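Enquirer: Here is a sequence with its predicted model. Questions after.
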Amino acid sequence: MSVGDAAAKERKILVAVDEGDESMYALTWCLTNVISPNSKDTLILLHAQAPRAAYTALDGTGYLFSTDIMSTMDKYHNDAADRLIETAKNMCKDHVNDVKVETRVESGDPRDVICEMVQKLGVDVLVMGSHGYGWFKRAFLGSVSNHCAQNVKCPVLIVKKPKSNNLGNVNVCMYK
């Protein structure tokens, strides 16, 4: 395949986004370094929203939350997801005018949701940020990026936000 063929190929690039600065940095890095102007790429912004069970129907004292409180919590989580996706879409418009952007908000464990969506959508490249947890925190919290890198069938680009805000000085891990 020649360079011209590669540039003309339509790629599906999935970027996992959450409330953290790390995922927004990964999106910015992707827009700056992976997406080229006038490309035929499709950028898929995916947010894995915690399922309702993650904020259980029990309050801290063991009593059930009322239906009104659960509805308010659901509305808050949905509104937060909408704001996050809107922010990410605006970042895409600001960096690359003509990129095709699709958005998805799915419910579930981020590790499972991301891997499932990569397979279901036939993604060519997965881009995600890294929180940069040390081995101790990773042991208890797990690493979403590591799980995805080990379980998806496409290349995975993990972008670690540097301590400074310099886009040229970034740690990038590519898995295939």
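Expert: Happy to help now that I have it.
Enquirer: List the buried residues in the lengthiest helix in the chain.
Expert: Counting by DSSP state H, the longest helix found in the chain is helix 67-95. Buried residues in helix 67-95, defined by neighbour count with 16 or more other Cβ atoms under 10 Å: 77, 81, 84-85, 88-89, 91-92. For every residue, glycine as well, the C-beta is placed using N, CA and C.
Enquirer: which other helices and strands contact that helix?
Expert: With contacts defined as 3 or more Cβ pairs under 8 Å, 6 or more residues apart in numbering; DSSP states H and E, the packing partners of helix 67-95 are helix 21-33, strand 42-49, strand 100-107.
Enquirer: distance between the first one and the chain's centre?
Expert: When distances are taken as Cα atoms, centre = their mean, to the nearest Å, helix 21-33 is centred 10 Å away from the chain's centroid.
Enquirer: which stretches of this protein aren't confidently modelled?
Expert: Within the chain, the stretches with pLDDT under 70 are 1-8, 52-65, 132-142, 164-176.
Enquirer: at 80 instead, please
Expert: Within the chain, the ranges that satisfy pLDDT under 80 run 1-9, 36-38, 51-70, 96-98, 131-142, 163-176.
Enquirer: For the nearest residue to R104 once chain neighbours are set aside, list each beta-bridge partner.
Expert: Using Cβ to Cβ, 6 or more residues apart in numbering and skipping the chain neighbours, the partner closest in space to R104 is L46 (4.8 Å). Assessed by DSSP bridges, L46 has beta-bridge partners A16, R104.
Enquirer: and L46, what does it touch?
Expert: Taking Cβ atoms under 8 Å, 6 or more residues apart in numbering as the contact definition, L46 lies against 14-17, 103-106, 113-114, 117.
Enquirer: Just the buried subset of those residues, please.
Expert: Judged by 16+ other Cβ under 10 Å, buried ones among the contacts of L46: 14-17, 103, 105-106, 113-114, 117.
Enquirer: can I assume K161 is in contact with D21?
Expert: Yes. Look at K161 against D21 with Cβ atoms under 8 Å: they come within range, at 6.4 Å.
Enquirer: Tell me which of these two has more neighbours.
Expert: The neighbour comparison of K161 against D21 (other Cβ atoms under 10 Å) goes to K161, with 21 against 11.
Enquirer: For the closest residue in space to the more buried one that isn't next to it in sequence, give me its contacts.
Expert: Once flanking residues are discounted, K161 sits nearest to Y25: 4.2 Å by Cβ to Cβ, 6+ apart. If you count contacts by Cβ under 8 Å, 6+ apart, Y25 has them with 129, 159, 161.
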